[in-house]
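>>> with the input below, show me the fold.
(chains A and B)
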Amino acid sequence: MKRCVVSGVFLLAVAVLLIGLQRVGQAAPPLPEIRQVLRQSALKPPAESALEGLRQHNLGEALRQIDPYARWYAADEYSSPESGGPDTWIGIGADLQERAEEIYLAVYAGGAADQAGLPDRCRLLAIDGESIAGLSMAAVAERLKGGEGGFVSLEVAQPDGHPGHFQIKRRAFTSLNVELVRAGGYRVLRIREFIAGLTRAALMASIPFTGNRGASAQNTEGLIIDLRDAGGGDLYEAFDVAGLFLPAGTILGSLQQRGGTPRLMQAPAGEIFTMPLVLLIGADTASAAEVFAGTLQQHGRARLIGRQTYGKCSSQTDIRLSDGSVLRYTNGEIFLPDGTSCSGLGLQPDREVTEAVFRDLNQLVFAAEAMFETNGQGPRPSAAFYP
Amino acid sequence: MNRYLLVALIFLAGVLGGCAAGEHDPRTGGFFGGIGGLGSGGYEKRMKEREASLEQLRTTQRALNIEKDQLEQQQSAAYVRLESDRARASIMQSEIALLDKKTKALATQQGTDQQRLAKLQQRLTALKGQMGRQSSALDALEGSGLGDADVDLRRKQLEKQRDALAREYELLMKMQLELSQ
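Predicted coordinates:
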């Protein structure tokens, strides 16, 4: 018995030593610097007790309690969409999405899954003949992974409810900043993220491809932009993209930072697109994408169709600390042109659709087309931005 | 008249009469039909039809050849543009690196607006990353095969993005000049 206890203590000591060594291997966060940044610059000044409660072992959770969007990244973990490497990866060219304990595949235009004919937002049932029932997202992702040139066989339920079997060859793939998706005889543009300096230019280049009379003709019939997977990105880029559809000088919104007055954002001068506009939105449409959609909705410039959005009208900034690590924290609240914020509320679509229609792009586009007739005609608030 | 000769004449008249109502196509109707076709101008008609058909095929072939030449010219022009884009991206990368170096030197000088300088440095870092991505994307474009609709779209996006990044670079240059004065 005594030997057993000694062995137990010895094993515990070894475990503690190993954990300690592992921690030594990991970079220690510069806690005083993190506290100082949050103390000075966070949108809502944190309580001093909360700042003092930040420790290496609880940093993630304690940061989230101060600010739900705050994160700390070790120097080697961090990559921003602006400074990171090329967004090329090997795989089937689809993201996994979990809804009500089901896993769906969000397909990238031009990727392997798309080329194999897999429709967007199929419900995944089995991989290589084995059911995925009960598997976690991570486990499913692991089963989909593999080397370039390898095949994976998928059993799915398609958006129209029909079962489908697809054989997909994994390959290297670089996603487009703005994707061109064909649905119901229509060409839809899809934005997944607003990337500083890139999305506006990519959208401008892509719009001519949406016309039914060829890439060189101006699309005057109407433009549909799919924001269902747009989780945010660069706020200023979102404002810039909104400015493509509104006259110069139009108020796009405002940014309130700590201790200051709201900074008004106005549409810049430049090329303007005047065709009718419908935006597809949903629960994953968040942050910068909500600002983009909300601004155009409030000006009556775009109609929204889909489901209520996520509800995050705040901005975060990434600050590099002295040791090379990065702290992300909320530094601003964004107000839409009428002075309201979408935080905690989300945007309400002008036309709400069922979850089944939401997932089926063909049906959604069919419903969106009908909205072009009333686009811009509704009595939307366009004045009295700030009293 | 010989009875046999009469029968033969009636038979011959019947055969020729039948041919007169036929198609006169030398390919059909057997020996007599063929003789009838040759005699009635059916062969020339058929020949003309075949010549017309052949001419139509030649016209289609010429149109296809023209289209092929145009596509080859487009592809060749696309490769030239690609090379030019890569060269421009490479020059911009060097210029941005130089600008970054100058900005870092500026940071050591007294009296520089540190907040603006920090913003400039932050954006420069991002711009460097984006230019790197542009170069990689241009390389990937060549490997993915030109002419495909998605590739054309990607090319247009990259062109617009390159112009936007170049404009941003100009702005950063001005900002750096202002800071150094």
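>>> okay, now the unreliable bits of chain B?
Under the criterion pLDDT under 70, the flagged ranges of chain B are B:1-3, B:5-7, B:9-40, B:109-113, B:115, B:138-149, B:180-181.
>>> spatially central residue in chain A, please.
The geometric centre of chain A, computed from its C-alpha atoms, lies nearest to A:Gly231 (C-alpha atoms, centre = their mean), at 1.6 Å.
>>> relative to A:Gln97, how far out is that one?
11 Å (C-beta to C-beta, to the nearest Å). For glycine as for every other residue, the C-beta is placed from the backbone atoms N, C-alpha and C.
>>> mutual contacts of the two, please.
Common contacts of A:Gly231 and A:Gln97 (C-beta atoms under 8 Å, 6 or more residues apart in numbering or on different chains): A:Asp284.
>>> for chain B, what spans make up the helices?
Using DSSP state H, the helices found in chain B span residues B:3-20, B:30-40, B:42-107, B:114-143, B:149-180.
>>> adding distance to A:Tyr236, write these out as JSON lines.
Putting the helices of chain B into JSON lines (distance: least, C-beta to C-beta, whole Å) gives the following:
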{"stretch": "helix B:3-20", "distance to A:Tyr236": "88"}
{"stretch": "helix B:30-40", "distance to A:Tyr236": "82"}
{"stretch": "helix B:42-107", "distance to A:Tyr236": "20"}
{"stretch": "helix B:114-143", "distance to A:Tyr236": "11"}
{"stretch": "helix B:149-180", "distance to A:Tyr236": "12"}
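>>> and of those helices, who's closest to A:Asp350?
helix B:149-180 (29.0 Å; C-beta to C-beta).
>>> give the buried residues for stretch A:97-113.
Residues of stretch A:97-113 classed as buried by neighbour count (16 or more other C-beta atoms under 10 Å in any protein chain shown): A:97, A:103-113.
>>> where does pLDDT dip in the stretch 151-300 of chain A?
Low-confidence segments of the stretch 151-300 of chain A, defined by pLDDT under 70, span residues A:212-219.
>>> for it, what lies in contact range of chain B?
Residues of the stretch 151-300 of chain A found near chain B (C-beta under 8 Å from any C-beta of the partner chain) are A:174, A:176-178, A:180, A:196-198, A:200-202, A:204-206, A:208-209, A:215.
>>> that older thread, nearest to B:Ala52, of the buried residues of stretch A:97-113?
Distances from B:Ala52 to the buried residues of stretch A:97-113, taken by C-beta to C-beta, are shortest for A:Gly110, at 44.4 Å.
>>> quick check: the gap between A:Asp350 and chain B.
To chain B, A:Asp350 is 29 Å away according to C-beta to the nearest C-beta, to the nearest Å.
>>> show me the contacts for that residue.
By C-beta under 8 Å, 6+ apart, the neighbours of A:Asp350 are A:297, A:303-305, A:371, A:378.
>>> run a quick neighbour tally on A:Gln89.
You called it Gln, but residue A:89 is Trp. A:Trp89: 14 surrounding residues under other C-beta atoms under 10 Å in any protein chain shown.
>>> now the helices of chain B as TSV including distance to chain A?
Below are the helices of chain B laid out as TSV (distance: least, C-beta to the nearest C-beta, whole Å):
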stretch	distance to chain A
helix B:3-20	56
helix B:30-40	50
helix B:42-107	12
helix B:114-143	3
helix B:149-180	4
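>>> right, and the ones you listed - which one's nearest A:Asn362?
Nearest of these to A:Asn362, taken as C-beta to C-beta: helix B:149-180 at 19.5 Å.
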